[in-house]
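**Q** Curious how this folds, go ahead:
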Amino acid sequence: MFFIVSKLVETVLLPSNDIGLLAALGILALIVRRRRIGLALLTTSAVLLIMAGWTPLGSALVMTLEDRFPPTDMPASVAGIVMLGGAVNTHITEDRGSITLNDNAERVVAVATLSRRYPGARILLSGGSGHLLSGHAFTESEGARRLLVELGVPQERIELEERSRTTFENAMESVAVAKPKPGEIWLLVTSAYNMPRAVASFRAANFPIVAYPVDYRTRQGDLHRPMNSVADGLVLMDIAAHEWLGLATYRLAGKTADVLPSP
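**A** Residues are numbered from 1 along each chain as shown. Modelled structure (predicted):
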């Protein structure tokens with residue numbers, strides 16, 4: 001139930017959806033001759049579009065998340081590597097019969113690289129399907145496994161966790177599969193903007209990890225210039241909304257100890 005409610009709330013609160021909905025309602029109001037209401041809705045939509053699409057607001061919100069867990073010195077050896085799902089487009093992959101990655105593809109590349117640096121480490125791919133209406137049996141972790149094998153990672157090193165649908169479930173299901181021993185070092189690979197929520201979840205699962213952030217979306221100079229396109233700005237705003245809402249929701253639901261965990 002929590003998964004369904006959280007997905008529905010996220011859909012309603014995504015900035016790009018809200019802006020489009022306000023514009024549609026404004027046009028509808030004009031059609032039915034509610035001119036003042038229609039103009040107010042369209043004006044609000046336009047202002048929000050400018051703020052979300054062209055200003056560096058999205059960059060600032062995402063950068064705060066990305067900078068929370070900066071890269072650290074790499075340990076000499078690790079027991080395992082956990083990669084969170086989200087890099088494979090399962091729908092297109094299953095439909096086309098070819099592994100199709102999305103904007104989070106760097107997660108898979110990072111694991112392939114780390115597998116060579118730590119040849120004795122276990123590799124745990126965590127992720128089922130995060131779609132509310134999936135209807136597909138093909139999982140994100142299975143897609144990542146196939147690609148890693150094609151990239152030269154021995155299949156026997158790879159373990160799958162295919163039940164999780166959210167970052168919190170990633171942590172809970174991963175600790176059940178990995179069964180980390182006291183003193184073991186495990187790397188956690190996910191997008192830098194997702195790392196605070198991932199760390200909070202893994203701490204709640206009592207699974208100690210070392211953050212290995214990848215897939216950065218911002219740079220320091222982004223705070224001092226407008227976005228190149230409205231589309232770029234909306235993408236960052238949607239990412240920021242998804243992560244910040246997730247952090248707040250997990251904390252309010254009592255799943256994690258902090259809204260924004262510290263390193």
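**Q** residue ranges for the helices of the stretch 151-263 of the chain, please.
**A** Using DSSP state H, counting those that start in this stretch, the helices of the stretch 151-263 of the chain run over 167-178, 195-204, 230-252.
**Q** out of those, which comes closest to Leu39?
**A** helix 230-252 (21.2 Å; CB to CB). For glycine as for every other residue, the C-beta is placed from the backbone atoms N, C-alpha and C.
**Q** Quick one: distance of the closest one to the chain centre.
**A** Relative to its parent chain, helix 230-252 has a centroid offset of 9 Å by CA atoms, centre = their mean, to the nearest Å.
**Q** Equivalent analysis for stretch 36-46, please.
**A** 32 Å.
**Q** again with stretch 139-154
**A** For stretch 139-154, the distance to the chain centre is 19 Å (CA atoms, centre = their mean).
**Q** ditto for stretch 165-178
**A** 14 Å.
**Q** Residues in contact with it: which ones?
**A** With contact meaning CB atoms under 8 Å, 6 or more residues apart in numbering, stretch 165-178 is reached by 3, 6, 80, 82, 84-85, 122, 124, 126-130, 159, 161, 163-164, 186, 194, 197-198, 201-202, 204-207, 246, 250, 255-256.
**Q** Narrow those to just the buried residues.
**A** Using 16 or more other CB atoms under 10 Å as the burial test, those include 6, 80, 82, 84-85, 122, 124, 126-130, 159, 161, 163-164, 186, 194, 197-198, 201-202, 204-205, 207, 246, 250, 255-256 as buried.
**Q** Quick check: chain neighbours aside, which residue is closest to Leu14?
**A** Once flanking residues are discounted, Leu14 sits nearest to Asp238: 5.2 Å by CB to CB, 6 or more residues apart in numbering.
**Q** scratch that, Val111
**A** Val111 sits nearest to Met83 (CB to CB, 6+ apart), 4.8 Å away.
**Q** Also Ala40?
**A** Gly26 (7.6 Å).
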